[in-house]
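**Q** structure of the sequence below:
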Amino acid sequence: MKALGVALILAVACESHPVRDAAWERQATMLAGDWDVELNVQPSGMPGTEKSWKRARGVLSLRPNRHVDVEIEGASLPTDYGTYDIDFSVLGFNPSGTRVPGVFVGVGRGDSVILAFESDRDGFSMRMSGPVASDSIRGNWYAAESRNAIATGSFLMTRHPRK
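**A** This is a model prediction of the structure:
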């Protein structure tokens, strides 16, 4: 029994943990800063041109995440975290619920990043993902309630000029 306990402790101690290495630091530094954000959603089941799409606009501020080890499905250890001031009322929901608006960012496949919004709403999730291209990120987003999509669309993030 004692040997089993020691083996279990060793297994947990040897488990691979996320690493904040030089590549992680470069990615965290590259994403840090203020970004203008525009999320577009076409009303479901409604044909129309892009002019009929609803748009949520605002600002997202990111800083390197050197302290919090959270899991983002399909992404690395989050490189950045931040807060946002985006008017989601035009889309009919508030991702954060009653919490301070928060988001974690991790590296996905290739050159893409995944943004996961924090929420206190049971069963709610919202993610954005897309490749980084110079000082912009363009991709797709979705919001789901109890695994059922409630809204999807495209987004564009553009970096504020660095000071």
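**Q** and the helices in this protein, which stretches?
**A** Taking DSSP state H as the criterion, the chain carries its helices at 2-14, 22-31.
**Q** which one of those has the lowest average pLDDT?
**A** If those are sorted by mean pLDDT, helix 2-14 sits at the bottom with a mean of 37.
**Q** show me the contacts for the residue sitting nearest the centre point of the chain.
**A** In the chain, the residue lying closest to the centroid (Cα atoms, centre = their mean) is residue 115, at 1.1 Å. For residue 115, the contacting residues are 103, 104, 105, 127, 128, 129, by Cβ atoms under 8 Å, 6 or more residues apart in numbering. Placement of C-beta: from N, CA and C, glycine included.
**Q** residues near the third one, how many?
**A** The reference is to residue 105. For residue 105, the neighbour count with other Cβ atoms under 10 Å is 27.
**Q** tell me how far the residue nearest to it when sequence neighbours are not counted lies from residue 34.
**A** Distances taken as Cβ to Cβ, 6 or more residues apart in numbering place residue 80 nearest to residue 105, at 4.3 Å, with adjacent residues excluded. The gap separating residue 80 from residue 34 is 12 Å, by Cβ to Cβ, to the nearest Å.
**Q** re earlier: closest to residue 39 among the contacts of residue 115?
**A** residue 128 (7.7 Å; Cβ to Cβ).
**Q** list the contacts of the closest one.
**A** 39, 114, 115, 139, 140, 141, 155.
**Q** do you know how far it is from residue 40?
**A** To residue 40, residue 128 is 12 Å away according to Cβ to Cβ.
**Q** got any residues that touch both of those two?
**A** Common neighbours of residue 128 and residue 40 (Cβ under 8 Å, 6+ apart) are residue 155.
**Q** residues near the nearest residue to residue 57 once chain neighbours are set aside, how many?
**A** In space, and not counting its chain neighbours, residue 57 is closest to residue 38: 5.1 Å by Cβ to Cβ, 6+ apart. Residues near residue 38, counting by other Cβ under 10 Å, number 15.
**Q** tally of neighbours for residue 114?
**A** 21.
**Q** whoops, I mixed them up, residue 141
**A** 21.
**Q** can you read off the pLDDT for it?
**A** On the pLDDT scale, residue 141 is placed at 94.
**Q** which residues does it bridge with?
**A** Following DSSP bridges, residue 141 is listed with bridge partners residue 128, residue 153.
**Q** test my guess that it contacts residue 150.
**A** No: shown here, residue 141 and residue 150 do not form a contact pair, counting by Cβ atoms under 8 Å, at 11.7 Å.
**Q** done for today, thanks.
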